[in-house]
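Colleague: attaching a predicted model along with its sequence, questions to come.
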Amino acid sequence: MSLFKDERGWISPDDDLDAPFSGDEYDVPLSADDLDLLALRDEILFTVGHSNHSEETFLGLLAAHGIGVLVDVRLQPRSRWPHFTQGALQRSLGRVGIEYIWMEALGNPAAAREARGADFKELLGTPRIRAALQELRELVQRSAARVCIMCAEETWLASSKMPGSVLGFGKGGSGCHRWYIARDAYQHGIEVVNLLGDGRAELFAQSRGSPIGSYFARPRPEAIAPTCPPSTPSPAPKQVKMAEHRVVLHVDCDEFFLQVHEMMDPSMRSTIRGQACALWQFNDVISMNCAARACGVKKHMTPREARALLAPVRGHLIHAFWRRWPGPRVNYKPYQHASLLLFRTLQSLLRSLAAPSGAATTAAPSVMERTSIDECYIDVTGFCGGSLALGARLAEQVQEHVQHRAGVRVSVGCARNKLLAKLASQACKSPVRASSSSACAPHRPHRILVVGDAAGEADAASFLETVAATRVPGLGGKEAQLLAMGVRVASELRRFSEGELAARLALSAHHAADVWRACRGEDHAPVVAANPPKSLGASSWAPGVPLADLALRRHTGRGGAAVRVGSGWVFEPHETESKSNGTRGRWILLAMALDLADKIHAAWLEFAVLPTKLSVGWREVLGTTHAGIAQHEGVPGRDSGATHSKTVPLPPKVQQAFEAPASATNSPLPAREVTPQRPLPDSASGVGISPLRSVLIDGPEIMEDKGYREMVAGLVDTAAGALHLVLQEDTDKHAPPRSAVQ
């Protein structure tokens with residue numbers, strides 16, 4: 001039971017809140033004891049109306065009350081004030097570490113087409129709004145950050161003395177519908193506080209908003225981050241970001257792809273951990289362990305170049321996981337699954353630190369920005385109160401928790417900004433050669449590195465004297481120019497002005513300014529929570545293959561036994577040991593559908609978003625005959641012409657196919673696909689491990705799973721339909737047949 005105090009004493013959410021009242025009887029200031037009691041509540045919903053506030057005032061108001069999540073309940077998130085339109089608002093909130101959520105279902109539909117003229121109150125019983133209200137309550141209850149709903153009107157009551165009703169909007173009054181949203185939360189035991197632009201705050205039981213002193217302007221016992229009292233001027237965005245006292249972690253998995261191979265095939269653990277190893281795909285080295293890096297192996301080398309460096313120390317080349325069915329193709333699913341587990345583990349840890357078991361309050365929110373499949377930034381200023389020493393302790397917890405729960409090892413850089421944190425985590429990976437050069441077995445100096453300005457920490461200026469200049473963002477390909485300038489480490493770039501950097505390194509003025517700041521350890525970029533991906537894709541090459549061959553409803557005999565998918569589309573898998581170019585056109589569309597299904601499912605599990613459209617794109621082959629056959633096959637991407645695409649809606653039935661499996665499992669991997677085949681002997685050459693060690697069991701039986709089959713079939717039907725629309729358009733125009741290279 002939750003209680004609020006008014007002149008009648010403490011009232012409960014069960015009271016009749018629609019009863020007539022006059023505003024004066026609720027205008028009762030809270031006592032110090034009342035404030036202390038409310039400060040112990042952990043389920044509180046804030047509300048705010050943006051009104052005509054400036055951006056600085058609005059952000060300062062949110063910061064003063066420690067808001068970490070802003071839920072926009074406007075039906076149409078637009079405003080005559082440009083900084084309150086959805087895009088601008090989301091960007092400004094991101095800069096200060098506040099998450100933005102738009103709950104369209106809670107918008108007041110009074111002027112909406114489907115409910116013109118209806119009051120929001122009259123629609124509260126509809127299933128859509130009931131579900132949205134429950135979703136909001138659950139967000140408040142589970143969130144480690146304070147949640148605030150936002151609409152346009154600053155005051156949520158049309159009048160403080162309106163007889164017979166507390167609200168007037170829609171047809172009549174000018175109050176805000178968020179009062180009813182707040183009432184629903186209040187009736188379910190959640191305290192509600194409405195924020196006003198002048199620094200006052202009003203409880204749900206009040207009609208005009210009595211000042212409540214220092215309530216929530218004072219840090220709660222567990223909160224470390226400083227807050228601003230309502231009576232002080234609203235801070236500017238730079239003050240909100242606390243740039244001078246930020247604590248940022250950069251978490252980066254050590255040899256992520258190789259670690260996934262360890263987890264999938266434990267028999268390879270001693271090889272990967274004890275010898276120099278590199279992972280390759282598509283004639284490209286994509287990962288290597290510390291020992292291989294010490295031998296000179298680098299990313300994007302060819303396997304042949306890496307083999308020459310690994311051979312003297314009897315190192316190994318390992319092929320990335322791949323599919324043999326319906327044709328040879330890299331299988332990214334194990335890496336996607338490991339990545340999903342990694343970030344879920346980190347999020348779980350941050351939530352547990354923000355709201356320890358049994359705690360009545362929550363600490364200031366953290367912000368995690370995922371930057372790739374295996375690394376992220378985390379702004380932990382709120383946990384650490386600006387202390388890098390506490391940040392280092394938190395980094396230790398991150399390492400231990402991730403290794404125990406997700407099974408992966410990570411390096412962590414801790415610093416005042418994103419640039420230094422990432423450079424620190426990279427330094428953790430830099431190998432130190434052992435005394436025996438023939439063994440090529442380095443050791444790591446540390447796996448946590450703190451760069452800062454306090455005793456016992458590496459000073460930022462001194463640290464940059466140890467960082468290669470090519471590590472500065474944007475200078476990775478400028479090694480020759482840097483050497484010509486006599487620059488080997490980042491700190492040596494300080495000798496040059498912005499103009500000189502632009503001229504000698506062929507940089508734009510903007511990029512030169514970034515480099516000038518970076519070599520001094522300056523970076524004001526905020527840590528911004530990642531948004532769901534805007535697009536997902538799968539690509540491949542099929543030189544000279546007529547588009548018509550990619551999607552047929554008949555067996556041509558150019559590949560293996562017929563496989564029927566979706567509404568009768570026939571594919572012919574590659575079943576021989578020869579090169580797949582001759583059969584590629586008859587199975588590649590199915591292979592790309594498998595890849596895309598994995599990516600869409602993973603995005604659904606992580607972000608609960610689904611695509612609404614599907615685009616099929618291709619690049620023409622130059623010099624094709626009228627039959628659509630390339631005269632010069634070449635290599636993928638060479639001798640290619642114009643690019644074309646066709647976009648079609650993704651039917652709701654296909655979207656539903658992706659939702660169904662997610663309700664039954666949290667893993668994007670069918671269980672039978674995570675077990676490698678029996679380990680085979682290493683190749684006789686001494687360098688390299690048989691690629692068959694990296695094949696996962698993934699024959700036609702993968703399509704036996706009904707949910708997975710429906711996902712793939714839906715994508716195949718949609719893509720094949722788009723291709724046939726193109727072919728029909730060509731027929732109508734009497735155009736020659738098309739062929740594609742990619």
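Modeller: Noted; the coordinates are in hand.

Colleague: pick out the residue closest to the middle of the protein.
Modeller: Taking Cα atoms, centre = their mean, the centroid of the chain lies closest to Ala530, which sits 3.9 Å from it.

Colleague: which secondary structure state does that one sit in?
Modeller: Here Ala530 is recorded as coil under DSSP: H, G, I helix; E, B strand; the rest coil.

Colleague: tell me where the stretch 301-450 of the chain has helices.
Modeller: According to DSSP state H, counting those that start in this stretch, the stretch 301-450 of the chain carries its helices in the segments 303-310, 333-354, 381-384, 388-405, 418-429.

Colleague: go through the ones you listed and pick out the most buried.
Modeller: Highest mean neighbour count of the helices of the stretch 301-450 of the chain: helix 381-384, a mean of 25 (counted as mean count of other Cβ atoms under 10 Å). All C-beta atoms are positioned from the backbone trio N, CA, C, and that covers glycine.

Colleague: quick one: least confident helix or strand in the protein?
Modeller: Every helix and strand of the chain was ranked by mean pLDDT, DSSP states H and E. The lowest is helix 237-241, at a mean of 29.

Colleague: still on that earlier bit, would you quantify the distance from the residue nearest to the centre of the chain to Leu89?
Modeller: 18 Å (Cβ to Cβ, to the nearest Å).

Colleague: low pLDDT regions in the stretch 151-300 of the chain?
Modeller: Applying pLDDT under 70 to the stretch 151-300 of the chain flags residues 156-175, 199, 204-244.

Colleague: can you put the helices of the stretch 301-450 of the chain in a markdown table and add distance to Gly452 and mean pLDDT?
Modeller: Formatted as a markdown table, the helices of the stretch 301-450 of the chain follow (distance: least, Cβ to Cβ, whole Å; pLDDT from 0 to 100):
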| stretch | distance to Gly452 | mean pLDDT |
| --- | --- | --- |
| helix 303-310 | 36 | 93 |
| helix 333-354 | 21 | 88 |
| helix 381-384 | 11 | 86 |
| helix 388-405 | 4 | 89 |
| helix 418-429 | 8 | 91 |
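
Colleague: so which of the ones you listed comes closest to Cys253?
Modeller: helix 333-354 (6.9 Å; Cβ to Cβ).

Colleague: Ile44: what's it in contact with?
Modeller: Leu38, Val140, Arg146, Ile190, Glu191, Val192, Val193 (Cβ atoms under 8 Å, 6 or more residues apart in numbering).

Colleague: now, the residues you listed that are in strands?
Modeller: Secondary structure defined by DSSP state E assigns Arg146, Glu191, Val192, Val193 of the contacts of Ile44 to strands.

Colleague: tell me the one of the residues you listed nearest Glu369?
Modeller: Among the ones in strands among the contacts of Ile44, and counting by Cβ to Cβ, the member closest to Glu369 is Arg146, at 20.1 Å.

Colleague: pretty sure the closest one sits against Ala63.
Modeller: No - Arg146 is beyond contact range of Ala63, at 10.9 Å (criterion: Cβ atoms under 8 Å).

Colleague: farthest pair within the contacts of Ile44?
Modeller: Distance extremes for these: the farthest pair is Leu38 and Val140 at 15.1 Å, using Cβ to Cβ.

Colleague: neighbour-wise, which of those two wins?
Modeller: Between Leu38 and Val140, counting by other Cβ atoms under 10 Å, Val140 is the more crowded of the two (23 against 20).

Colleague: who's in contact with the more buried one?
Modeller: Going by Cβ under 8 Å, 6+ apart, Val140 touches Glu43, Ile44, Leu45, Val147, Ala185, Ile190.

Colleague: contacting residues for the first one?
Modeller: The reference is to Glu43. Taking Cβ under 8 Å, 6+ apart as the test, what Glu43 contacts is Ser2, Val140, Gln141, Gly189, Ile190, Glu191.

Colleague: that concludes my questions; thank you for your assistance.
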